Every structure is written in structure tokens, then in C-alpha cells.
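Peer 1: Attaching a predicted model along with its sequence, questions to come.
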Amino acid sequence: MQTLPNHTVLIIGGGIAGLATAVRLIQIGIKPIVLEKRPFLGGRAYSFTDRDTGTEIDNGQHVFIGACDHFQQYISVIGASNQVRLEKRIGFPVLKHGKVGWLKARKLPGPLANLSALFGYKHVGFIGKFRILWALLSIKTARLGPTSTHDRFSFDDWLRDHAQTNETIQNFWNLIILPSLNDNIESVSAHTGIELFKVALLGTANNPAMGIPLFGLSTLVGENAKKFIEGHGGEIRTGINVQSLEITKGRISGIRTSKDQLIEGEAVVSAVPASAMTPLLPSGSRVKEDFFTPAESVRTAPIVAIHIWYDRPVMTDKFVATIDSPLQWVFNDTDLKSLNEKGQHIVISLSGAWKWQDKSKKQLREIFTEEMTNTFPAAKDANVEKFAVVKMLEATFQVAPNSRKQRLSQRTPLPGFYLAGDWTDTGWPSTMESAVRSGNLAADYIAEDIRR
Ligand SMILES: Cc1cc2nc3c(=O)[nH]c(=O)nc-3n(C[C@H](O)[C@H](O)[C@H](O)COP(=O)(O)OP(=O)(O)OC[C@H]3O[C@@H](n4cnc5c(N)ncnc54)[C@H](O)[C@@H]3O)c2cc1C
């Protein structure tokens, strides 16, 4: 490990981006201080004990795919590789009005494995499959350079211009877009949609394979990172609400907390969401406001998770996607976490959940327990032992058309001030992968600037 002389780097935010920044800085030889306003780490990826049921649950089902190499590297560095499991290739059942169609890759080399998943898929007809192949070919050849115009229109528009129909869009494209980008296909930019399919389906067989946390998120991304950071001389201070940046003679000199405490540092990384970053900038000086202003336009989208504990198993697969049903994606948490239970814990993950975010727990219970019995026959005879709802209203940032310019570089024009966070310019949508990439980039810029 190469070491750099003692420099104080402060990181605002103990979510995955802030923790990944700290881990990378430690690898570079800098011992950072992480300042987190809440009493726990993990940011938007955490677990907690539900008050009504007394059970530890995640704030939302988190999955990753094989292509998330920075996230997996981070998990490995913090010593948690055995707390996640990655499938070998893509394979999951899709339920539509009681009929099952599998998207399952065969053992074939390279992208052929992923394309083979399409051939056996029953919810798209023969001609539809050729349409999809045609669009995938156009995705492969699409150039997404800085001058490309793909960010100006929606992925839905782009697909329809490339021979796609309601059938292929609803039964294939949106099945992947909605949970991956947390929004409907009409609302996401063509740029992001194309990028997603280029990386996932047109890469190796491993790229779209699903990865699942086997432990609660607070343990996986919080406790393991804390152990690594503190074990290597870094510091984590929770309960510190950072109010503003301190700037002396045009460069960063530290931060000020909501209790008016000054903490000095030669470099500061903001690893908070865009909406929490802009208020940190001192209002009087309007520091390089042209650079930071686009971040004020970042918008967010909700995810609602429904947890149902049945007294007996109601589904046999690990996870199931649905079409034409409000269930979207259903996860068998008991099986995924290898819990030795008589009953079964089911997690229904609702992306782009504007329709559900204002519904009461009672309403959601009626709608979703009924929908479960319609979709999984075994649920008819099962009793619901516990029921919980977690609403995350600002779960992810939106990747709407024309939103790319809102994603700022990790190196800012304010000397000593850096950005991390899933929303910064990483090329990835709002994911744990993007959060880790942003942290790695911020740390590398700091090291580069210090060496200079
Ligand atoms: C329900 C749900 C499901 C999701 N599903 C997936 C999934 O399946 N796969 C996937 O890859 N991603 C998923 N995501 C997205 C993923 O969780 C985020 O992309 C990632 O956690 C963002 O990390 P971050 O560090 O950039 O931001 P955050 O997690 O938001 O971290 C920011 C941290 O900064 C702290 N903070 C804010 N302001 C201050 C301040 N002034 N002073 C000090 N601290 C401050 C916050 O408390 C927080 O801890 C999901 C998110 C949600 C909510």
C-alpha cells in the first residue's frame, strides 16, 4: 500500500458512496473522517427492526448484477464477499395471468448466452423476438459519445422508432427498465436505456446475472465498511449534521456542523444526494455557481416495499417477475437468506411507486394479499402472520430525458471540494454500483491533486 503524507480528508455522508470513498482513500494511504448525520451507516441501503413486527428488514430489496464490478470489488475489500451471492447467468420466471415464461440463458459463450434467454421466452411471439433482436443490434451499434443526442428523447420513443410494439415493450423492455431505473420506460432517457442494455444483455453471460445480499443491508454495507475503515486508522463519526462548507481564501478549509462546530480539513468530499449537497455551499459567495446549478434540477422517484410473512411457503422460486399485475417483482426472502423458517417471508418490490406511495398500510394489505392469492395458488390456503410496508419516497434519482447534464464531475472547480454520490457523473443509473464508482473517482482525484 502506497502512503501519502498526513492529510485530513473529511467525507460528508456515510452512505455507500461516502464509505467507498473512505475505503479507497485508505487503500491510497490517506486516513479519512466520515461524518454521518444519522446514527447509522448505509444511507439509502440499510436494515432496521420493524416496530410493528419486531423483525429486521431491509429498507428495500437491493439486487446487483454481475456487471457491477466496482460494487463487488468494494464488497470484497471490506471482507463481505461471502455475504452476497451471484448467479452464473440470467434466469428468472415471468408470470403473466397465471402463465410462466422463463427468461433463462443457456450455457453458451459470450452474449449468445444472454440472447438465448430470449428464444425460450413465452410472453413474446416469434415476430416480436425478431423485433427485439433488431433493436438489440441497433443498441450494439449506437454510439453514445458526448455529442450523441440520445439523452434528448425517451427510451420508449427510441424503441418505437426501432420497430418495437406494445407487446415487446410491455413484456420485455419495461420488465427490465422499471426495476433497474425505477421509472417507466416513457420517462427514462434513451441514452440510459441503451447504456443499460449494452452493459447488461450485450455483455458476457455473467453481466446480467442477479446478485443478492444474503445478510441485512446494515451489516453488509454498513458494519463491514465500519470495521474496515476503523481497523485501518480511519474515523467514523455519526450524529454529525454538516451545515456548510468552510472556505478560506477561495479554497476549502473544513466544514461547519449544525451545532456550529468547525472541523478542519484540507479536502472535503460531499457524498450526499444532490438535494443535500447544494445547501452546503456558502450562500454569500455563490461559489462557481455555474458548475453546481444543474444539480438543483435532480429529481427523485419512490420505491415501496411490501413485506408479507406467511405461515407456510407460497412460492418456490427465489424471485419472480410479473406482467400486468401490480406485484412487479416478488422475492422469496426466506430462501434467498437461507432462513430456517416454517413459514415464508415475501418481499414485493414496487418501483416507480407514485401510485402506491400515498396508500395506507391497510389499503396496501388488502390489495397485495389479494394479488398474491391471484398469482400464487398456495397463498390461498396460507395465513398472513405479519405484514409491513416500507416507503422510500426519494429512493433513486430520475434519469429522465435531458437529465445527463445534472450529473456533475467528482472534481469541482472549488479547490479542495469533491463530490461523490450515485447521482454524480459515473455513467451508471441510481445504484450501489454508481455510488461505489463515484467514491472511487472522488478518492482518485484527491490523491492526484495531493500528489500534485
Ligand atoms: C428502496 C430502495 C431500493 C433500491 N434498490 C436498489 C437495487 O436493487 N440495486 C441498487 O444497486 N441500488 C438500489 N437502490 C439505490 C441505492 O440504494 C443507492 O443508489 C445508493 O445507496 C446511494 O448511495 P449514496 O451513498 O450515493 O447516497 P445515500 O445512500 O443517500 O447516502 C447519503 C448519506 O449522507 C447522509 N447525509 C445527508 N446529508 C448530510 C449532512 N448534511 N451531514 C451529514 N450526513 C448527511 C445521509 O444520512 C446518508 O447516509 C435502492 C434504493 C432504495 C431506497
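Peer 2: Looks like it arrived, so ask away. Numbers count the residues shown, from 1 in each chain.
Peer 1: going forward, measure contacts and count neighbours with C-alpha atoms only.
Peer 2: Noted.
Peer 1: So which bits of the stretch 151-300 of the chain are right by the ligand?
Peer 2: Applying Cα under 6 Å from any ligand atom, one finds that the stretch 151-300 of the chain approaches the ligand through 240-243, 271-273, 276.
Peer 1: what's the helix or strand for Glu246?
Peer 2: Glu246 is part of strand 242-248, with elements assigned from DSSP states H and E.
Peer 1: distance between that strand and the chain's centre?
Peer 2: In terms of Cα atoms, centre = their mean, to the nearest Å, the gap separating the centre of strand 242-248 from the centre of its chain is 29 Å.
Peer 1: Please check the residues of the stretch 151-300 of the chain next to the ligand and keep the buried ones.
Peer 2: With neighbours counted by 16 or more other Cα atoms under 10 Å, those contain buried members at 240-243, 271-273.
Peer 1: Next, format the residues you listed as a markdown table and append pLDDT.
Peer 2: Formatted as a markdown table, these follow (pLDDT from 0 to 100):
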| residue | pLDDT |
| --- | --- |
| Ile240 | 98 |
| Asn241 | 98 |
| Val242 | 98 |
| Gln243 | 97 |
| Ala271 | 98 |
| Val272 | 98 |
| Pro273 | 98 |
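Peer 1: ok, Lys342 - how many residues close by?
Peer 2: Neighbour count for Lys342, taken as other Cα atoms under 10 Å: 11.
Peer 1: helices and strands around the strand holding Glu246, which ones?
Peer 2: Counting contacts by 3 or more Cα pairs under 8 Å, 6 or more residues apart in numbering; DSSP states H and E, strand 242-248 packs against strand 251-257.
Peer 1: Any regions of the stretch 251-400 of the chain where pLDDT drops low?
Peer 2: In the predicted model, the stretch 251-400 of the chain carries pLDDT under 70 at residues 284-289.
Peer 1: ranges for the helices of it?
Peer 2: Under the criterion DSSP state H, counting those that start in this stretch, helices of the stretch 251-400 of the chain are mapped to 274-277, 289-292, 333-336, 361-375.
Peer 1: now these in JSON lines, with distance to Gly60?
Peer 2: Shown next, in JSON lines, are the helices of the stretch 251-400 of the chain (distance: least, Cα to Cα, whole Å):
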{"stretch": "helix 274-277", "distance to Gly60": "21"}
{"stretch": "helix 289-292", "distance to Gly60": "30"}
{"stretch": "helix 333-336", "distance to Gly60": "12"}
{"stretch": "helix 361-375", "distance to Gly60": "16"}
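Peer 1: Any idea which of these gets closest to Trp102?
Peer 2: Ranking the helices of the stretch 251-400 of the chain by proximity to Trp102 (Cα to Cα) places helix 361-375 first, at 15.9 Å.
Peer 1: next one: the closest one to chain centre, how far?
Peer 2: Per Cα atoms, centre = their mean, the centroid offset for helix 361-375 relative to its chain is 26 Å.
Peer 1: Show me what that helix is packed up against.
Peer 2: strand 384-397.
Peer 1: and the following helix or strand past the strand it packs on, what's its mean pLDDT?
Peer 2: Next along the chain after strand 384-397, taking DSSP H and E as the criterion, comes strand 417-419. The average of the pLDDT scores along strand 417-419 is 98.
Peer 1: now swap in stretch 86-101 and tell me
Peer 2: Mean pLDDT, stretch 86-101: 95.
Peer 1: quick one: is it near the ligand?
Peer 2: No - applying Cα under 6 Å from any ligand atom, one finds stretch 86-101 separated from the ligand by no less than 13.2 Å.
Peer 1: Just the buried residues of that stretch, please?
Peer 2: Across stretch 86-101, burial judged by 16+ other Cα under 10 Å covers 86, 88-96, 100-101.
Peer 1: what's the first-to-last distance across it?
Peer 2: Terminal residues of stretch 86-101 are spaced 22 Å apart (Cα to Cα, to the nearest Å).
Peer 1: how distant is that stretch from the center of its chain?
Peer 2: In terms of Cα atoms, centre = their mean, the centre of stretch 86-101 is set 21 Å apart from its chain centre.
Peer 1: hmm, who's touching that stretch?
Peer 2: With contacts defined as Cα atoms under 8 Å, 6 or more residues apart in numbering, stretch 86-101 is touched by 65-66, 102-105, 114, 117, 120-123, 205-212, 319-325, 375.
Peer 1: before we move on, what about stretch 189-196?
Peer 2: 139, 142, 144, 150-158, 177, 399-403, 429.
Peer 1: now swap in stretch 200-213 and tell me
Peer 2: Contacting residues not belonging to stretch 200-213 are listed as 62-68, 83-91, 105, 109-115, 136, 140, 199, 220, 336-337 [Cα under 8 Å, 6+ apart].
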